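[1] just need the structure, nothing else, for what follows:
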Amino acid sequence: MKEQFIPVAPETSIVQILARGVCPICTLMRSLQNAMVENAHAYPATRLCNFHAWSLAHASPAIDAVAALKSMLLQAPVEVASRAVEVHACDWCQTIRQHEGEKLTEYVHELKRDNFRKWVSQYGTVCLFHGRCLIDMLPAAEADLVRQMLARSQEELEKQLLAFQARIQKGETGGGGVLGHITEFLVSQRGLTR
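    This next block holds a predicted model:
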């Protein structure tokens, strides 16, 4: 499963981004996160989690980062009394979750089409998290299709990991992309907290 990430617009349909070895839901979530960081002004936020705040500070155009951080700074309450620390809500995480739900629903809808179902049954890939979400959303027959897809992906990743391990033991260091694929399969896209 060679990495095939090509930047796509977050609103791209599931059908348009199907690729072997890549979870299409994760691909769209990654695209949305990239769009948020690259165009922070288009995704206004007054609250960001640790991951997204650092992404904004590190990778956004400076003018966008200054405007967003200034807005957050002006709205951040500063209290003298100590109290229990609360987890920060994140406007970008909420946007991502909403988009993720829409794309999962789109995937479920597309599974009703014969061509989509045939392609997915032969070549489709989803990560464990999105696979489990789909299984919960689908009737039994389609849920079995997702289970088979997950089992096939896991088996393929195990083979790739063993091959990579053998190369490492021989002193080769290239081909580490398999580690990213395994990580995505196990825990979904980077930056998405569960």
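
[2] what packs against the longest helix along the chain?
    If each helix of the chain is counted by residues according to DSSP state H, the longest one is helix 140-169. Under the contact criterion of 3 or more Cβ pairs under 8 Å, 6 or more residues apart in numbering; DSSP states H and E, helix 140-169 touches helix 114-123, helix 128-137, helix 177-187. Just so you know, the C-beta spots here come from the backbone N, C-alpha and C atoms, and that holds for glycine as well.

[3] could you rerun that using 6 Å?
    helix 128-137, helix 177-187 (3 or more Cβ pairs under 6 Å, 6 or more residues apart in numbering; DSSP states H and E).

[4] what residues of it count as buried?
    By neighbour count on 16 or more other Cβ atoms under 10 Å, the buried set for helix 140-169 is 142-143, 145-146, 149-150, 153, 156-157, 160, 164.

[5] can you give me the angle that helix makes with helix 177-187?
    Calculated by axes from the mean of the first three to the mean of the last three Cα atoms, to 10 degrees, helix 140-169 forms an angle of 140 degrees with helix 177-187.

[6] what mean pLDDT does helix 140-169 have?
    Helix 140-169 shows a mean pLDDT of 91.

[7] what angle sits between that helix and helix 114-123?
    30 degrees.

[8] quick thing: my sequence starts at 36, can you match it?
    Sounds good: first residue 36 from here, last item helix 175-204.

[9] please state the offset of helix 175-204 from the chain centre?
    In terms of Cα atoms, centre = their mean, to the nearest Å, the centre of helix 175-204 is set 18 Å apart from its chain centre.

[10] now swap in stretch 172-191 and tell me
    19 Å.

[11] dump that stretch to PDB, restricted to CA.
    C-alpha atoms of stretch 172-191 as PDB (Å, rounded to 0.1, in the frame of the first residue of the first chain):
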ATOM      1  CA  MET A 172     -24.100   2.700  10.300                       C
ATOM      2  CA  LEU A 173     -24.700  -0.200   7.800                       C
ATOM      3  CA  PRO A 174     -27.100  -3.100   7.500                       C
ATOM      4  CA  ALA A 175     -25.600  -6.500   8.000                       C
ATOM      5  CA  ALA A 176     -24.600  -7.300   4.400                       C
ATOM      6  CA  GLU A 177     -22.700  -4.100   3.800                       C
ATOM      7  CA  ALA A 178     -21.200  -4.200   7.300                       C
ATOM      8  CA  ASP A 179     -19.700  -7.600   6.400                       C
ATOM      9  CA  LEU A 180     -18.200  -6.000   3.300                       C
ATOM     10  CA  VAL A 181     -16.500  -3.500   5.500                       C
ATOM     11  CA  ARG A 182     -15.300  -6.200   7.900                       C
ATOM     12  CA  GLN A 183     -13.800  -8.100   4.900                       C
ATOM     13  CA  MET A 184     -12.100  -4.900   3.700                       C
ATOM     14  CA  LEU A 185     -10.600  -4.300   7.200                       C
ATOM     15  CA  ALA A 186      -9.300  -7.900   7.400                       C
ATOM     16  CA  ARG A 187      -7.800  -7.700   3.900                       C
ATOM     17  CA  SER A 188      -6.100  -4.400   4.800                       C
ATOM     18  CA  GLN A 189      -4.700  -5.700   8.000                       C
ATOM     19  CA  GLU A 190      -3.300  -8.800   6.300                       C
ATOM     20  CA  GLU A 191      -1.700  -6.600   3.600                       C
END
